[in-house]
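[1] Sequence first, then the predicted structure:
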Amino acid sequence: MTLNGVRIIKKIRFILLLLCIGVFCYSAYQLISYFYDGYKNEKDYQEIREVYDFEELSKADKEGIEDLAALRKERFAALKEINADVVAWVHVPNTNIDYPVVQGDDNSYYLDHTVEGYTSRVGAIFMDYRNKLSDESVPTDYNTIIYGHHLKSGAMFTSLKEFKDEAFFNINRYIYIDTPEGTLIYEIFSVIITEADYNYIETYFQSGEDFLSFVSDIQKRALFNRDTIIREEDKILTLSTCTYEYEDARLAVFAKLIEK
């Protein structure tokens, strides 16, 4: 091989080395950035939980505190000072799910914006933009949908994966949605893993019959079902997140409103 050929090979190797270093540095930056976003997001949420302490309000409710309604409204007012888009608080016992729920003008913004409004891949827990709450903060739609990311850190809606275990599903029955007017209690009746293009996130139905057909189809697809009777006049809640059994898979937990 000529001297010129050796020089060319060395240059190629050097360029390839630089490319490898560049790819490594970029990947390392992305990984560090991902975990930092998760850490910062959870730290911010911990501060928000000090503003709105669901466990404290729940305890006060059980003890029959007279000024509970005023206290709840006061706490929600504080949440709205953080972000006027806050509409509720979601709590799922025996999981890490204990978060404010925001609602934007679409289902895209809060995929990559936090509850405090800054850009982050961890996003926020958010209600479907099509859903509506009445003045009494109760759902007016058949199906209220709340979305959250599945993160490696275990935050946001990652804990929904626990409902893929039948024993966990059998023991844990309820989801609590706090609103300025009080607590909505939902009883979990089904959990599914499905393709992203399956329309389990429909909010409006032409009739009660269509709604019951929708629920029946969910129950047929479910990993587990509970013997919960769903009637035409009922309201349901859907918690939705990603799952990784296959590409573009979704995990959804469905619950019926039983108390408001």
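    In hand now; what should we look at?

[2] any idea how far residue 85 lies from residue 109?
    In this view, residue 85 and residue 109 are 9 Å apart by CB to CB, to the nearest Å. The way it works is simple: take the backbone N, C-alpha and C, and place the C-beta from them, glycine included.

[3] Of these two, give the one with the bigger neighbour count.
    Counted by other CB atoms under 10 Å, residue 85 and residue 109 do not tie: residue 85 has more neighbours, with 21 against 17.

[4] residues touching residue 204, list them.
    130, 141-142 (CB atoms under 8 Å, 6 or more residues apart in numbering).

[5] can you do 7 Å?
    Going by CB atoms under 7 Å, 6 or more residues apart in numbering, residue 204 touches 141-142.

[6] pLDDT at it, what is it?
    For residue 204, the pLDDT comes out at 90.

[7] and it, which of the three is it?
    State at residue 204, reduced to three classes by DSSP: H, G, I helix; E, B strand; the rest coil: coil.

[8] Name the nearest residue to the residue positioned nearest the centre of the chain, sequence neighbours excluded.
    Of all residues in the chain, the one closest to the mean position by CA atoms, centre = their mean is residue 148, 2.3 Å from it. Nearest residue to residue 148, sequence neighbours excluded (CB to CB, 6 or more residues apart in numbering): residue 157, at 3.1 Å.

[9] Look up phi and psi at the one you found.
    For residue 157, the backbone dihedrals are phi -100, psi 20 (criterion: degrees, to the nearest 10).

[10] Distance check, it against residue 168.
    Between residue 157 and residue 168 the distance, using CB to CB, works out to 15 Å.

[11] and if you look at residue 213?
    Taken as CB to CB, the span from residue 213 to residue 168 is 29 Å.

[12] and what of residue 102?
    Distance, residue 102 to residue 168, by CB to CB: 27 Å.

[13] before we move on, what about residue 67?
    Between residue 67 and residue 168 the computed distance is 36 Å (CB to CB).

[14] Neighbour count: these two, which is higher?
    More crowded of residue 67 and residue 168, by other CB under 10 Å: residue 168, with 15 against 9.

[15] Pretty sure that one sits in a strand.
    No: assessed by three-state DSSP, residue 168 does not belong to a strand; its assignment is helix.

[16] Would you agree the residue nearest to residue 148 is in contact with residue 146?
    No: with contacts defined as CB atoms under 7 Å, residue 157 does not count as touching residue 146, sitting 8.4 Å away.

[17] What about residue 227, how many residues nearby?
    The number of residues packed around residue 227, counting by other CB under 10 Å, is 5.

[18] And it, how close does it get to residue 169?
    13 Å.
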